[in-house]
Structures are given as C-alpha cells and as structure tokens.
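*Asks:* no sequence on hand, only this structure:
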C-alpha cells in the first residue's frame, strides 16, 4: 500500500511538472507571437488559463502534503495538544461537510457546461471545470483521513507544538 502511494505521488508530481512545462512553453509562445510577430493569438491565453486552473487544483489535491497546506495556525500553536486535536477535528469536520455539500451542485454545474464550449479552442467547458470535482473529492478524502487520524491518536497531525521563542 505504501509503494502504491509513492507511485501515485510520483505520477501526480510528474503530471504537475508536465502541466507547468506546457504552461511555460505556451506562455513563451504567446510572447513570441504577440511581440515578435505582432500577431496576438487568443488560443494561448485560453490554454494558459485552463492549464493554470488544472495545475493549481491538481497540485493542491495530490502534490502538496497536509503539513504544507495553507493554514492559519497562529492561535492553534498556542493551544495545548488536546485542544489542538479538538480544533483540528472541528476544522476537518467543517471542511469535510462544506465540500460534501458542494459536490452535488458542482457536479450539476459541470454537467450543465457540456453544452458550452470555450471561445477559441472550442473545448467543452465541462472538461475545463471537471478538475474541480477531482479536487473536491480529494479534499473530502483527505479530511476524512485527517478525522480518522485525529480520532485514533492523541498527537496532532503535525506532531508536537513547536517551541515558542521568548519575547524580547
């Protein structure tokens, strides 16, 4: 199971790297067309925006570990380990509930966009926005895993509280 997780993590990292490389190449191509050939092309902008959306959401879902996600831990670090655990549970349950609540409407939204296509590339917008469904499911699974881990152990997910530096 551990090996499968490593293979999947490596595949997600490779996909993110490929998306970033494609984004950069298309961006450079856009600059070349616009400023050197004086021929602005719209498809490069549309493709860059789509690649950026996919890169950010897939990267956040599969490449960024839990401990490196954006957190507001200024208050959390001042809590005792037990209070941190309770706060972690409250936050994980709230995020899980929020994303479960938006899964149905998000699926409806993405399904509705089957009938619309992007302006220049004519890609179905359901393809463009479907990455949010993947992201939302990944967030639900990550939060469920966090809840299970917090219920099983008294230790907070990130380990012991970092030592506080004395005020000067």
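*Replies:* Received, thanks. Because the structure is a prediction, the values reported are computed rather than measured.
*Asks:* CA atoms for contacts and neighbours, from now on please.
*Replies:* Noted.
*Asks:* show me where the protein has its helices.
*Replies:* 2-31, 42-58, 81-112, 125-152 (DSSP state H).
*Asks:* buried stuff in the last one?
*Replies:* Taking 16 or more other C-alpha atoms under 10 Å as the neighbour-count basis, helix 125-152 is seen to contain the buried residues 125-126, 128-133, 135-140, 142-144, 146-147, 150.
*Asks:* one more: the longest one?
*Replies:* Using 16+ other C-alpha under 10 Å as the test for burial, helix 81-112 gives 81, 84-86, 88-89, 92-93, 95-96, 99, 103, 106, 110.
*Asks:* distance of the residue nearest to the spatial centre of the chain relative to residue 12?
*Replies:* The centroid of the chain falls nearest to residue 60 when counting by C-alpha atoms, centre = their mean (2.4 Å). Separation of residue 60 from residue 12 (C-alpha to C-alpha, to the nearest Å) stands at 10 Å.
*Asks:* can you check residue 98 too?
*Replies:* In terms of C-alpha to C-alpha, residue 98 sits 25 Å off from residue 12.
*Asks:* likewise for residue 6?
*Replies:* In terms of C-alpha to C-alpha, residue 6 sits 10 Å off from residue 12.
*Asks:* more crowded one of the two?
*Replies:* Neighbour totals were compared for residue 6 and residue 12, and residue 12 leads with 17 against 11 (other C-alpha atoms under 10 Å).
*Asks:* hmm, residue 63 and the more buried one touching each other?
*Replies:* Yes - checked against C-alpha atoms under 8 Å, the pair residue 12 and residue 63 is within contact range at 6.2 Å.
*Asks:* could you list the low-confidence segments of the protein?
*Replies:* 154-168 (pLDDT under 70).
*Asks:* how does it divide into domains?
*Replies:* 1-64, 70-161 (automatic domain parsing).
*Asks:* and the longest one, how far out from the chain's middle?
*Replies:* Averaging C-alpha coordinates over domain 70-161 and over its chain gives two centres that are 8 Å apart (C-alpha atoms, centre = their mean, to the nearest Å).
*Asks:* cool, stretch 29-46 as well?
*Replies:* Between the centre of stretch 29-46 and the centre of its chain there are 29 Å (C-alpha atoms, centre = their mean).
*Asks:* and residue 19, how close does it get to residue 46?
*Replies:* Counting by C-alpha to C-alpha, the gap from residue 19 to residue 46 is 14 Å.
*Asks:* which of those two has more neighbours?
*Replies:* More neighbours surround residue 19 than the other of residue 19 and residue 46, with 20 against 15 (other C-alpha under 10 Å).
*Asks:* dump the residue contacts of the more buried one.
*Replies:* By C-alpha atoms under 8 Å, 6 or more residues apart in numbering, the contact list for residue 19 reads 51-52, 54-55.
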